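Engineer: Got a predicted structure plus its sequence, pasted below:
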Amino acid sequence: MNAITAYRISAGLGFLAVALGAFGAHGLKDILQRNGTTEIWETAALYHLVHAAVSLMVAGQFPEGKPWAHRAWWLFFAGILVFSGSLYALALSNVRVLGAITPLGGLGLLGGWLALVFRRAR
């Protein structure tokens, strides 16, 4: 994947995080309150937005051909999909077993941060 594609996907993820956060607060308010999952939706949107922003920064490192940037970006991307995606699904459906896959996404997010911690300087 090249830098511009990663950048655009990251920007799209940021847009989606804001849109889903707002939609949860307004359009889905009744469903989330009925399910008692408003906080779950908010957690999903927060982690989604934070990691989309970090992914945007990491995507800027692609042109320099730094393998750590690619690893970190893919880990953040997968982490957002699995962590926030499973929480969004749980909040809407109230199927609590979906929470069992959330930690796998959390591991992806943690892995992305570790890829940044242990990156090699050039």
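Structural biologist: Arrived safely, thanks for sending.

Engineer: Residue 74: which element?
Structural biologist: Using DSSP states H and E, residue 74 sits in helix 67-79.

Engineer: can you give me the helices for this protein?
Structural biologist: For the chain, the helices defined by DSSP state H occupy 3-25, 29-35, 38-59, 67-79, 85-93, 102-117.

Engineer: what helices or strands is the third one leaning on?
Structural biologist: Helices and strands touching helix 38-59, by 3 or more CB pairs under 8 Å, 6 or more residues apart in numbering; DSSP states H and E, are helix 3-25, helix 29-35, helix 67-79, helix 85-93, helix 102-117. (Glycine included, C-beta is placed from N, CA and C.)

Engineer: dump the residue contacts of the residue positioned nearest the centre of the chain.
Structural biologist: For the chain, the residue nearest the mean C-alpha position is residue 80 (2.4 Å; CA atoms, centre = their mean). Neighbouring residues of residue 80 by CB atoms under 8 Å, 6 or more residues apart in numbering: 13, 47, 48, 51, 52, 55, 105, 108, 109.

Engineer: Residue 2 too?
Structural biologist: Residue 2 neighbours (CB under 8 Å, 6+ apart): residue 62.

Engineer: Fine by me, we can end here.
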